[in-house]
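**Q** Pasting the sequence and the predicted model now:
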Amino acid sequence: MFYRELQIIFLFSFLVIVVTLFVLTRFIAGKRIKWIDEVCNTAEKITNINLDQRIPLPPHKDEFHRLSATINGLLDRLQDAFQREHQFSADASHELITPLSAVKCTLQVMLRKPRTIEYYEARIPFCLIELNRMSRIIDKLLVLALYDVDKISPAIEEIILPQLIDDVVEKIRAVAFEKNISITVRSSENEKVAADPAMLEIIIENILSNSIKYSPVNSSITITVARNESDITCTIADQGIGISENNIHRIFERYYRVEESINLKSGGFGIGLSLVKKLADLQQIKIAVQSPPGIGTTFNLTFY
């Protein structure tokens, strides 16, 4: 009799335990499935318009919490990329529409009726300047695109730095002449560095272009090459508007333009210094900037 009652108790207890476990498991699984449904519903609603929306994090820091945080991190990076591309589209439209419109209007006026040779000689160089400007913008974008997909690598060789600087200065001297800006190079004639000649030319040309753009009329730019104990430095100093401390750490960001350049309406495309930094990093060239507002900007390139 006792054995029979014990069997019934064990059977009843087993059924209760099984049912309880079933209910608890279903409850826990239901909460997990509900969270997965929330993830799916949130993911389905996210588009390029509402990339700021995020997946809710579970209360417990388990694998699902880690998965949610990882997905949210991915969305953060995607949002940042979309914002940069949106900003790029706006800046590119603004930067390219002006020279395109100027060239188009100039050519339309030239075609309306026959003009004198002097008139054509005055207008054609203007069109070429604007077209060259657009060409430089496109070239910079192509180099940055190659850098981003790791399809660009430096061809390091020993080059005479002052000679390369002189070549760049000759190319850009006409632009400086328009603002009556003098460019002085101070160096010995045989300082050699290990670098990619084409990349280094782009670096110095972009820095010089930036210096000319933000320097006042009748000012000067000084380029100094000096050998130290373990390195060679190339210093490019101008007398421009300078950059505030709040902005100077961001000047190498792509598409970033400081407020001062926007107010002057001479701000470039925001890619020149970004390109400088990337090409310098590829060649292990250290680049530093000092730019007290109202005094000028000094770029230091250090070759080891």
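**A** Everything's here; your move. This one's a predicted model, so the numbers in the text were calculated from it and none came from an experiment. Numbering: from 1, shown residues only.
**Q** Near Lys213, how many other residues are there?
**A** As a burial measure, Lys213 scores 18 neighbours (other CB atoms under 10 Å). (C-beta placed from N, C-alpha, C; glycine too.)
**Q** same deal with Ile223?
**A** Counted with other CB under 10 Å, Ile223 comes out at 23.
**Q** what's across from it in the sheet?
**A** According to DSSP bridges, the partner residues bridging Ile223 are Val185, Ile236.
**Q** That one contacts Thr184, doesn't it?
**A** Yes. Contact criterion CB atoms under 8 Å: Ile223 and Thr184 qualify, at 7.0 Å.
**Q** my guess is Val196 contacts Glu158, does it?
**A** Actually, residue 196 is Asp rather than Val. No. Counting by CB under 8 Å, Asp196 stays clear of Glu158, with 11.3 Å between them.
**Q** what about those two, which has more around it?
**A** Shown here are Asp196 and Glu158; by other CB under 10 Å, Asp196 has more neighbours (20 against 9).
**Q** In the stretch 101-250 of the chain, where is pLDDT below threshold?
**A** 137, 140-142, 144-151 (pLDDT under 70).
**Q** in it, which spans are strands?
**A** 157-160, 182-186, 192-195, 220-227, 232-237 (DSSP state E, counting those that start in this stretch).
**Q** Check which residues of the longest one are buried.
**A** Looking back up the chat, that one is strand 220-227. Within strand 220-227, the residues that count as buried by 16 or more other CB atoms under 10 Å are 221-223, 225.
**Q** Out of those residues, which comes closest to Gln283?
**A** Val225 (16.4 Å; CB to CB).
**Q** Contacts only, for the residue nearest to that closest one when sequence neighbours are not counted.
**A** Nearest residue to Val225, sequence neighbours excluded (CB to CB, 6 or more residues apart in numbering): Ser187, at 3.3 Å. With contact taken as CB atoms under 8 Å, 6 or more residues apart in numbering, Ser187 is in contact with 161-162, 165, 223-226.
**Q** closest to Gly294 out of the strands of the stretch 101-250 of the chain?
**A** Nearest to Gly294, of the strands of the stretch 101-250 of the chain and by CB to CB, is strand 232-237 at 14.4 Å.
**Q** Now tell me what touches that closest one from outside.
**A** So strand 232-237 is contacted by 161, 165, 191, 193, 204, 207-208, 211, 221-226, 296-303 (CB under 8 Å, 6+ apart).
**Q** which of these count as buried?
**A** Judged by 16+ other CB under 10 Å, buried ones among the contacts of strand 232-237: 161, 165, 191, 193, 204, 207-208, 211, 221-223, 225, 296-299, 301-303.
**Q** Tell me where the longest helix sits in this structure.
**A** Ranked by number of residues, the top helix in the chain under DSSP state H is helix 63-112.
**Q** That helix - contacts with which helices or strands?
**A** Helices and strands touching helix 63-112, by 3 or more CB pairs under 8 Å, 6 or more residues apart in numbering; DSSP states H and E, are helix 2-45, helix 117-148.
**Q** Distance check, Ile295 against Gly242.
**A** Taking CB to CB, to the nearest Å as the measure, Ile295 falls 6 Å from Gly242.
**Q** Give me the domain ranges for this structure.
**A** Annotated domains of the chain cover 2-79, 94-148, 157-303 [automatic domain parsing].
**Q** What's the end-to-end length of the last one?
**A** With CA to CA, to the nearest Å as the measure, domain 157-303 spans 13 Å from end to end.
**Q** So which of the buried ones among the contacts of strand 232-237 sit within helices?
**A** 161, 165, 204, 207-208, 211.
**Q** Of these, which is the nearest to Arg250?
**A** Ile207 (16.8 Å).
**Q** For Ser244, see how far away that closest one is.
**A** 19 Å.
**Q** Show the average pLDDT along stretch 47-55.
**A** Over the span of stretch 47-55, the pLDDT mean works out to 79.
**Q** if we can go back for a sec, would you reformat the helices and strands packed on helix 63-112 as TSV and include distance to Arg77 and mean neighbour count?
**A** Shown next, in TSV, are those (distance: least, CB to CB, whole Å; neighbours: other CB atoms under 10 Å):
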stretch	distance to Arg77	mean neighbour count
helix 2-45	15	10
helix 117-148	14	13
